[in-house]
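**Q** just to be clear, the model below is a prediction. Sequence and coordinates:
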Amino acid sequence: MWQNLFRLLQGTIHTWTTVVCVILKMSNASIDVIRERVIETYGSVIGTGKPVRDAKKAVEILRSKYKLIVDERIVALTFAAFMNGRPVLFEGPPGTGKTEIGEALLEIWSGKKPFILPCSENYDEYKVIGDFHPIIAIRKGFNEESFIPRPLLAALILDTGVLVDEIRRSNEDFQNMLLDIADKRRIIVPELKRVFYSKGSGFQMIFTSNPEDIAQNDLSDAFLRRVVRIKFNYPPRSVEAEIIRIRSGDGPAINDYITKMLLDVINKLRKSGITHKPGTAEAVLWARMAKSIAMFRGSDIVEVGDLLDAAQSVLAKRLEDEDIILDTIKEVLGVEISNR
Amino acid sequence: MRSLIDKNEIEELILNVAVGLRSRGYNVGTSEVIESIKIIDSYMAQMRMTNLDLDTLSFILSSTFSQGIPEDVLQEEIQRSRIKGRKREYINSLYNEIQDRMKTLNVRPGQQIHKKLVFKGKKKQKAERMRAYLELQKLNIIRGSSGKERVASRPEILRIVNSLLHKGYTSIEEALTDSTDRISLDDALLYSDARISLSRENLKNLDNNDLLKLAHAAKRKHDKSLYKRIAEEISYRLLSGSRVDARQALNILSSTGIMTTDHEKKLIELEPSLISDNKIRKESLIQALKEVDPDKGAYILSKALKEVDPDTAEHIVSNVDPYLLWNTKKIQLRSIDKLDLVKAAINAGRSLREALLYAETGEPGRADASMYYSNIALSYLKDTDKRLGNLDRYSVISMINSAKSIIKLADGDPSGVSELQFIVNILGFEKSLDLLKNLYRIYKDRDKHVRDVIEWNMERLIYRIASKEGLRLLPKFKFYTSKPGRIDLRRTMYNNIRRKDSIFVFKRKLKSNYLSLALDVSGSMAHYSAWALGVSSLFIRSLDKITLFSHKILEFKGPFSTRDLSKMLLSIEFKGYTDIYRGLMVAGKTKARRIVVVTDLYQTVDSGDPYDIFMELSKSKKILVILPKHHNYELRKDLEDLKIKIVISDKPRDAARETLRWFMR
């Protein structure tokens, strides 16, 4: 009898051990499947590089590699926020470099290219964390095999940053979800019964917003309390001239006089009543277009005529603003653009 | 601010700042304070700093405190908190600095001082003594009338030191740099001699002539920084509408390189003959003429055309509104044919002007004068087919025909009414508005058809100014994929056909559209009637309620169509006393969260203090006050203390720009 009992006990232990092993094997396999899928899908996009965590060095890299002139204080504050696990909100009018600088800072911080999420009203967790392929799910069920990871989860797993562009366009639930993820540095996928944790400090978030854009949602108090808010504005004239100089590319030269006229028009338009005020990006684009036109003309320097030719297409974004833009150009450049 | 804060002070300082901000009504949570301290620590580690300047500290705190506290409030609070813990130390330091200056002058507290002794000695010593003397005088440590000056006693000096500390200054240099004391010309010249820097605030007391004298003195002494500061003050005064000596201002502004097109326009308005100066571009005259009222524009143009050469005259005439030529008496052009055309335009413009005055006043002589000028214009016109930019045969004949139609309408003959739309197109906003109001008054109780046409033209005028210079057409609804709100059928069906994720699309009304307008229609605003109506018409798309107040109050509840509004604006007569207090009380009774008040702030009825009602309303509503150039400055200052948004504008366009920003927040 004792022998039978002992054999029964042995068998039970063996069975349960096998079950546990199988479960463990399966769970290991499931993490691998998702991680592998993320690396396969997104790995080549983000690349690899050396992270830089020093603000002063970052400012130099921004200037030399990305051709961005950024206030050292902004870089240092952003890095300080990252070091304390706080997401950053860049706020300011369009064309002041929020998205480009945010992207560059995330790349410098993590050493890898960040993911960019351009927000809209109907953004939800399925679009950013992951969802299930319908046909595979029907065949194989809602599990790791049918799960398609999306950029936010990919960023967490690959330890790179996320730039959430125009956060005010999204709804409050989405904003709260993002904050929770940034705070706790983990993503829960209930359908898979899994929690994914960030393993490094490369996973950071930067939000951008244009507070003057109409018909957008306000950001809740709870959101504003959790982020570090950095205000962006149009740069001082001398800095903007420098930005135009380094970002307008090669080709015919733009002398100080032409740069002055360009900035006069831009600054005047910013003080006017037009809806879409030109940012630094538009100033740079205008300079580039003028250079291209001068080049096609076969000239070595950009002239007022080249500026004029490029002006309307670069500056007039809306029909109702055209009159004011044309008046301003005429006033500053002293010449009228003929309507074609 | 140049003061530096040591790393060890920061934690306690931020705690004190948070307490100070909370007592001022800002919500700063404990977690925010803790996070801010951590972030500042990391920031200083990043930048390898052992101390932090106040500007950077306020920059970081404005980013980490969620309520978006303005940087100037933060800086004030940081200064205050900083001083709190180290009062004794700062008192000693300030007192020592004052003592050093007294040693330079070789004086003691309570001693009499003779100015002559100050200006004795070698050049270097003299400059040092003069500097010390002026600095102590600025701080009121040297006091008394000329010849009877004395140094303050020790208790008086300590009182001054405490007062400086209370204002947030921890060094004499800070107090002197931030000083907003206004000084006389003599003092300013002394300061310049002693190379003590003067801020723009110091210069505000000087009248325009003294300012120019100081500029000449600064130029003689090659004091570039003072000269530039004076140029900035002149620039500010010029752009604010002050009457400076245009010629001298032109020289100063152009030599300091701060001259812009806006300056040129203002200078031309003040002194049209400056157009002949090479420093002023001809385009600035053309721009200035577009922005001033037509009568002033005609005056400026007539003066300018006297001074310029024929080619420039041709260029100017081709680019201005032909109507503005009515006041021109002397002009030179190269071509005689073109000169005939211009003379025709001058007389046609006079004819039109007389017709408009006839519509306003009904004086028979005006109608006759209009006919007279029309005939002269036609005689110059003859068979000419010349053209000068905007000016040609057609534009001259249009003016003549418009004049005839206006006279007919003013005489009660409605046959000219079909021309009204055309006339309004060629006149500017103000002239059109005046004409329509005058005609409306004539036809108010007569021909309904004519009244309808006038109202329709008013509607078009309002729409033109609102869409071109005013608020953009705001969206009335926002769309969501979740409740609450009404289902938007069109978008829902579209989504389902295109198989978008959301099945239903809901729409909710945007709250930002509700606005209550309070318009001052008292006699004091009569001069600004066109401006006031132009500004009011900026808001046609957004009105929930309109309150017209003089000594009577009239309220109209919306929603309003443009036609309703055009009828109302045509009927308004600016007369009576001003009761802002009761007007706002009525305007404030609205569900709208925003109130726009258009007034000059001169309360002339004894019903209550306007400040009280503004204060009451500002607790629950957002208020925007739009003021003309001449208004009650004292009440305006009080309202600024209440943090009410004030917009001062001469033109509806400027008001629109500022209002749009305020509205969108």
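**A** Happy to help now that I have it. Since the structure is predicted, the reported quantities are computational estimates derived from the model, not experimental observations.
**Q** can you pull out the strands in the stretch 1-150 of chain A?
**A** A:88-91, A:115-118, A:130-132, A:147-149 (DSSP state E, counting those that start in this stretch).
**Q** mind putting the ones you listed in CSV, mean pLDDT and mean neighbour count included?
**A** The C-beta positions use only the backbone N, C-alpha and C, and glycine is treated the same way. Listed next are these as CSV, based on pLDDT from 0 to 100; neighbours: other C-beta atoms under 10 Å in any protein chain shown:
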stretch, mean pLDDT, mean neighbour count
strand A:88-91, 94, 25
strand A:115-118, 93, 19
strand A:130-132, 89, 20
strand A:147-149, 91, 20
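**Q** distance to chain B for the ones you listed - can I get that in JSON lines?
**A** Converted to JSON lines, those look like this (distance: least, C-beta to the nearest C-beta, whole Å):
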{"stretch": "strand A:88-91", "distance to chain B": "9"}
{"stretch": "strand A:115-118", "distance to chain B": "16"}
{"stretch": "strand A:130-132", "distance to chain B": "10"}
{"stretch": "strand A:147-149", "distance to chain B": "15"}
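**Q** what parts of chain A come near chain B?
**A** A:54-56, A:72-73, A:76-77, A:79-81, A:83-84, A:86, A:121-122, A:171, A:211-212, A:214-215, A:221, A:224-225, A:228-231, A:264, A:268, A:271-273, A:275, A:320, A:323, A:330-332, A:334 (C-beta under 8 Å from any C-beta of the partner chain).
**Q** tell me which element the nearest residue in space to residue B:77 that is not next to it in sequence falls in.
**A** Nearest residue to residue B:77, sequence neighbours excluded (C-beta to C-beta, 6 or more residues apart in numbering or on different chains): residue B:20, at 4.5 Å. Using DSSP states H and E, the element containing residue B:20 is helix B:10-23.
**Q** pLDDT on that helix, on average?
**A** When pLDDT is averaged over helix B:10-23, the result is 88.
**Q** next one: the next helix or strand after that helix to chain centre, how far?
**A** Downstream of helix B:10-23, the next assigned helix or strand under DSSP H and E is helix B:30-47. How far helix B:30-47 lies from its chain's middle: 40 Å, per C-alpha atoms, centre = their mean, to the nearest Å.
**Q** which neighbouring elements make contact with whichever helix or strand comes after helix B:30-47?
**A** Sequence order places strand B:51-53 as the next helix or strand after helix B:30-47, per DSSP H and E. Applying 3 or more C-beta pairs under 8 Å, 6 or more residues apart in numbering or on different chains; DSSP states H and E, we find strand B:51-53 packed against strand B:4-6.
**Q** show the pLDDT at the most centrally placed residue in chain A.
**A** Ranked by distance to the mean C-alpha position of chain A (C-alpha atoms, centre = their mean), the top residue is residue A:163 at 2.9 Å. With respect to pLDDT, residue A:163 scores 96.
**Q** send the alpha carbons of the helix or strand harbouring it over as PDB?
**A** For residue A:163, the host element (DSSP H and E) is strand A:162-165. What follows is strand A:162-165, C-alpha atoms only, in PDB (Å, rounded to 0.1, in the frame of the first residue of the first chain):
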ATOM      1  CA  VAL A 162       8.500  59.100 -28.300                       C
ATOM      2  CA  LEU A 163       7.500  62.500 -29.600                       C
ATOM      3  CA  VAL A 164       3.800  63.100 -29.300                       C
ATOM      4  CA  ASP A 165       3.000  65.900 -31.800                       C
END
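**Q** what's it in contact with?
**A** Applying C-beta atoms under 8 Å, 6 or more residues apart in numbering or on different chains, the contact partners of strand A:162-165 are A:99, A:102-103, A:106, A:114-119, A:151-152, A:155, A:170, A:178, A:203-208.
**Q** by proximity to chain A, which residue of chain B wins?
**A** In chain B, the residue found nearest to chain A is residue B:42; the distance is 3.6 Å by C-beta to the nearest C-beta.
**Q** how many neighbours does that residue have?
**A** For residue B:42, the neighbour count with other C-beta atoms under 10 Å in any protein chain shown is 20.
**Q** tell me how far it lies from residue B:582.
**A** Relative to residue B:582, residue B:42 is positioned 57 Å away (C-beta to C-beta, to the nearest Å).
**Q** ditto for residue A:319
**A** Taken as C-beta to C-beta, the span from residue A:319 to residue B:582 is 44 Å.
**Q** pick out whichever of those two has more residues nearby.
**A** It is residue B:582, of residue A:319 and residue B:582, that has more neighbours when counted by other C-beta under 10 Å, with 18 against 7.
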